[in-house]
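Visitor: Got a predicted structure here, sequence first:
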Amino acid sequence: MKWTPLPPREARHEARLIFAANPALFSLLTLGRVTGPVWKAPRIGWVITDPLVARQLLTDSKHTSLLGEGGVGHLWAQLLGDWVNEAFDGPGHDALRLRARDLFTAASSRQHVERVFAKPAARLATALSRGEAVDIAETARVWVGRMVADLLGLPIAEDDDDSCFRTVFAQGERLAALARKTLGSTVIPPAILAEGKGILEHLTASVPEAYETADKNALLGRCREAGIPLREARGLASLLLVAGTETAASAMARGVAVLYDTGQQHDLRAEPALLPEAVWEILRVTTPAAVIGRHITADVEVAGKLLRSGDRALMLTYTANNGVGRFDIRRSPDRKIRQLWFGAGSHVCLGAPLARAEMTYLLQTLLTQEWPWRVVSRRPARNVIIPTYAHLEITCAPKERSDE
């Protein structure tokens with residue numbers, strides 16, 4: 001597989017993020033650049049770097065499953081309960097996807113994000129217009145915390161300060177961290193599992209009441225109107241809490257950094273109509289969920305290799321997506337990968353439209369400024385499940401060069 005690296009500046013920063021987050025993941029992704037499309041790694045299983053092969057396995061329900069060892073469903077079933085085994089694969093999954101298909105449309109996601117993000121976005125715009133420096137990584141975490149609180153129907157008043165929403169996000173971080181050491185196994189140790197279940201029980205305690213009383217335009221209200229039972233609605237809300245916190249905040253912060261590092265924020269400022277393509281490229285190049293796992297349920301041959309029943313397959317989506325080429329907001333979407341960062345087929349991420357809407361709204365807020373943003377300082381987050389910035393300070397003050 002041909003590997004086209006990012007230019008030095010952004011490649012250096014992205015590499016630092018991944019290494020700081022998980023050195024083992026960094027090594028695996030680096031090795032994936034030079035190996036064949038399908039190869040077997042000790043204690044990990046089959047490793048897939050080709051986007052077409054990855055898509056083949058992700059959409060092959062006859063030979064693969066999310067529910068066995070190595071599959072993400074196996075991981076989350078331990079935390080979220082038996083409903084995952086019923087809803088993540090087979091007829092139960094098909095029925096749930098059918099009922100949930102309208103929960104996150106592009107239009108409803110835009111409306112949802114505008115409602116939740118409007119006030120904090122106005123404050124961010126004001127701070128930047130005054131020439132203040134803002135930690136955009138922390139901003140993203142607080143904004144996503146707001147979204148999670150809204151999705152879960154948490155009893156947090158609109159005028160509560162940011163610390164409440166930051167706490168919600170931190171709980172999501174703790175839950176996501178359960179998967180930190182699952183490259184070799186998706187079995188969660190009992191002590192860690194007990195902690196995770198306690199966090200989840202606390203955060204979703206208000207879901208039953210919110211399910212009954214929520215407005216029909218809110219997530220839980222839409223679940224109720226769509227005929228999704230409370231158990232599944234609570235499970236979906238929990239899954240969004242686990243899988244949609246760090247990934248969304250990471251993409252938002254890294255997107256701001258990549259646009260600055262490549263200089264392509266200037267192209268975007270000149271042609272705001274390129275924003276959808278810019279969001280697509282940010283998600284492609286950052287691929288917050290860098291790997292996707294599957295359990296092989298029946299022997300299957302791919303790319304000349306025989307994957308046997310009981311094996312694990314790990315799709316290196318970060319490597320596959322970046323193999324397409326350098327970051328370029330004028331790039332036409334590549335059909336080989338489509339939106340592989342969100343998965344593929346019937347298991348594509350349900351909250352994908354919401355993630356795109358969150359990213360879009362942040363960038364729209366920054367693009368309203370008179371001057372381009374500049375990165376003043378940055379620091380990668382260490383020992384986290386999703387590579388991201390612990391600190392990414394930006395300013396829109398009109399200076400000639402960054403202090404970075």
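Guide: Happy to help now that I have it. These numbers were taken from a predicted model, which means no experiment stands behind them.
Visitor: pLDDT below threshold where in this structure?
Guide: Along the chain, segments meeting pLDDT under 70 span 1-8, 157-160, 179-184, 400-404.
Visitor: Which of the three states applies to the residue most central in space within it?
Guide: Nearest to the mean C-alpha position of the chain, counting by C-alpha atoms, centre = their mean, stands T247 at 2.8 Å. For T247, the assignment made with DSSP: H, G, I helix; E, B strand; the rest coil gives helix.
Visitor: does it really touch E358, like I thought?
Guide: No - when contacts are counted by C-beta atoms under 8 Å, T247 is not listed as touching E358 (10.3 Å). Backbone N, C-alpha and C define where each C-beta goes, glycine included.
Visitor: Residues contacting the helix or strand H266 falls within, please?
Guide: H266 belongs to helix 265-270 when assigned by DSSP states H and E. Applying C-beta atoms under 8 Å, 6 or more residues apart in numbering, the external contacts of helix 265-270 come out as 259, 274-275, 278, 329-330, 363, 366-367, 372-373.
Visitor: Please indicate which of those residues has the highest neighbour count?
Guide: Counting neighbours by other C-beta atoms under 10 Å, the top entry in these is A278, with 27 neighbours.
Visitor: which residues touch the closest residue to that residue other than its chain neighbours?
Guide: Nearest non-adjacent residue to A278, counting by C-beta to C-beta, 6 or more residues apart in numbering: I329, 4.2 Å away. I329 is in contact with 259, 264, 267-268, 274, 277-278, 281, counting by C-beta under 8 Å, 6+ apart.
Visitor: any idea which of the residues you listed is closest to S206?
Guide: Checking the contacts of I329 against S206 by C-beta to C-beta gives A278 as the nearest, at 36.2 Å.
Visitor: Contact partners for that closest one?
Guide: A278 neighbours (C-beta under 8 Å, 6+ apart): 255, 259, 264, 268, 329, 363.
Visitor: Would you mind measuring from the fifth one to A106?
Guide: Relative to A106, I329 is positioned 19 Å away (criterion: C-beta to C-beta, to the nearest Å).
Visitor: With the second one instead?
Guide: The spacing between L259 and A106, counted by C-beta to C-beta, is 22 Å.
Visitor: Then the first one?
Guide: Distance check for G255 against A106: by C-beta to C-beta, it reads 18 Å.
Visitor: So for these two, which sits in the more crowded spot?
Guide: Legend: neighbour count by other C-beta under 10 Å for G255 and A106, higher for G255 (24 against 12).
Visitor: Please identify the helix or strand for the more buried one.
Guide: If you go by DSSP H and E, G255 is part of helix 246-262.
Visitor: Would it be right to say that S377 lies in a helix?
Guide: No - read with three-state DSSP, S377 is strand and lies in no helix.
Visitor: ok, back up a step: and the contacts of I329, which is closest to L151?
Guide: A278 (25.4 Å).
Visitor: quick one, the helix or strand that closest one falls within and helix 246-262 angle?
Guide: Element membership of A278 [criterion: DSSP H and E] is helix 275-286. Relative orientation of helix 275-286 and helix 246-262, computed by axes from the mean of the first three to the mean of the last three C-alpha atoms, to 10 degrees: 100 degrees.
Visitor: Quickly run through the sheet partners of the helix or strand just after helix 275-286, with directions.
Guide: Scanning forward in sequence from helix 275-286 by DSSP H and E, the next helix or strand is strand 292-296. Strand partners for strand 292-296, identified by DSSP bridges, are recorded as strand 64-65 (antiparallel), strand 312-315 (antiparallel).
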